[in-house]
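1. Pasting a predicted model and its sequence here:
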Amino acid sequence: MEDYIQAEDYELWMLIKNGPLILTMTMEDGTTVIKKPEEFNSEDYKMIYFGLGPDEYIRISECDSAKDIRDALQVAHEGTNQVNQSRIELFMRKYELFEMGDRETIMDMYARFTHITNELNPLGKTFTTEELMRKILRFLPRSWKAKVTAIQEAKDLKTLSLDELIGNLQTYELRRNSQQQEENKKDRGLALKIMEEDSSELDEEDMAMLTRKFRKFFKKTKVGTRQK
């Protein structure tokens, strides 16, 4: 990893190894404090300039003060307050309207959901673990209602971790899919058995029963095909 990062960007490796450049000064009592922009001297400016990559250097090459440098880099990497507010509104709307897709797995859903919350984090919008878990349980499909109720009744969301919740939902998903596959196999076997029988020897009651089974089987098959 060290060789790879050095080959890609040696300055990045130096930041990883030594940490970012933080200008400090020693007070009279011997304590070390971080310098404020107005306390920078000519040597500090040199260190700032030399510590930046070529792209950042171009952004600040016309700046006259440390405050100008800080403001230019802040806008470049974090955006203006107006841009940040627009991003917060955009991702908050995605968060509030988030739903799990019909064909999505738990992990696919969780990846999309995490992307949204990760975008909100650096913008100052954070959520507690309990809030995230309650949100996930709310937007699960109706077919998951029994599982959601079971979790809410059996688990304490104040102490449950997010990883435990997702693992619990994954386990249920696997069992649910396995059960559906077994049911589909039984229905297919029943349909084939019915097709092989001589319908002329069946009375009206048997025919009615077989008709109901046919309808049930083809209804399930149709739904399953559409979901796939």
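-> Looks like it came in fine.
2. In terms of helices and strands, where is the closest residue to M100 other than its chain neighbours?
-> With C-beta to C-beta, 6 or more residues apart in numbering as the criterion, M100 has its nearest non-adjacent residue at 4.5 Å, and that residue is M109. In this view, the C-beta of every residue, glycine as well, is placed from N, C-alpha and C. Per DSSP states H and E, M109 falls inside helix 106-120.
3. again with A72
-> In this assignment (DSSP H and E), A72 forms part of helix 66-78.
4. Quick check: mean pLDDT of that helix?
-> When pLDDT is averaged over helix 66-78, the result is 73.
5. returning to what we had before: elements contacting the helix holding M109?
-> helix 81-96, helix 129-139, helix 162-196 (3 or more C-beta pairs under 8 Å, 6 or more residues apart in numbering; DSSP states H and E).
6. again, only using 7 Å
-> If you count contacts as 3 or more C-beta pairs under 7 Å, 6 or more residues apart in numbering; DSSP states H and E, helix 106-120 packs onto helix 81-96, helix 162-196.
7. ranking those by mean pLDDT, which is last?
-> helix 162-196 (a mean of 78).
8. for the helix holding A72, packing partners?
-> helix 54-60.
9. Now the helix it packs on: buried residues?
-> Across helix 54-60, burial judged by 16 or more other C-beta atoms under 10 Å covers 56, 59-60.
10. Dump it to CSV, restricted to CA.
-> C-alpha atoms of helix 54-60 as CSV (Å, rounded to 0.1, in the frame of the first residue of the first chain):
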residue,chain,number,x,y,z
PRO,A,54,0.0,22.0,-7.7
ASP,A,55,-3.8,22.3,-7.9
GLU,A,56,-4.1,24.0,-4.5
TYR,A,57,-1.2,26.2,-5.2
ILE,A,58,-2.9,27.6,-8.3
ARG,A,59,-6.0,28.4,-6.3
ILE,A,60,-4.1,30.4,-3.7
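11. which residues touch that helix?
-> The contact list for helix 54-60 (C-beta atoms under 7 Å, 6 or more residues apart in numbering) reads 49, 69, 72-73, 76.
12. Need the pLDDT of the closest residue to T32 other than its chain neighbours.
-> Excluding its sequence neighbours, the residue lying closest to T32 (C-beta to C-beta, 6+ apart) is T24, at 5.1 Å. T24 is assigned 78 on the pLDDT scale.
13. The helix holding A72 versus helix 81-96: what angle between them?
-> Taking axes from the mean of the first three to the mean of the last three C-alpha atoms, to 10 degrees, one finds helix 66-78 and helix 81-96 inclined to each other by 30 degrees.
14. Quick check: the gap between E8 and F91.
-> 29 Å (C-beta to C-beta, to the nearest Å).
15. what's the answer for E183, then?
-> Computed as C-beta to C-beta, the E183 to F91 distance reads 40 Å.
16. who's more crowded, these two?
-> F91 (19 against 12; other C-beta atoms under 10 Å).
17. thinking that one is in contact with E119, fair?
-> Yes - using C-beta atoms under 7 Å as the test, F91 is close enough to E119 to be in contact (4.9 Å).
18. which residues touch L120?
-> 88, 91-92, 95.
19. domains of this structure?
-> Listed domain ranges for the chain are 2-78, 82-161, 175-227 (source: automatic domain parsing).
20. Considering these, which stretch scores lowest in mean pLDDT?
-> For those, where the average pLDDT is lowest is domain 175-227, sitting at a mean of 62.
21. what's the angle between the one helix or strand E153 maps to and helix 129-139?
-> Taking DSSP H and E as the definition, E153 sits inside helix 145-154. With the same axes, to 10 degrees applied, the angle from helix 145-154 to helix 129-139 works out at 150 degrees.
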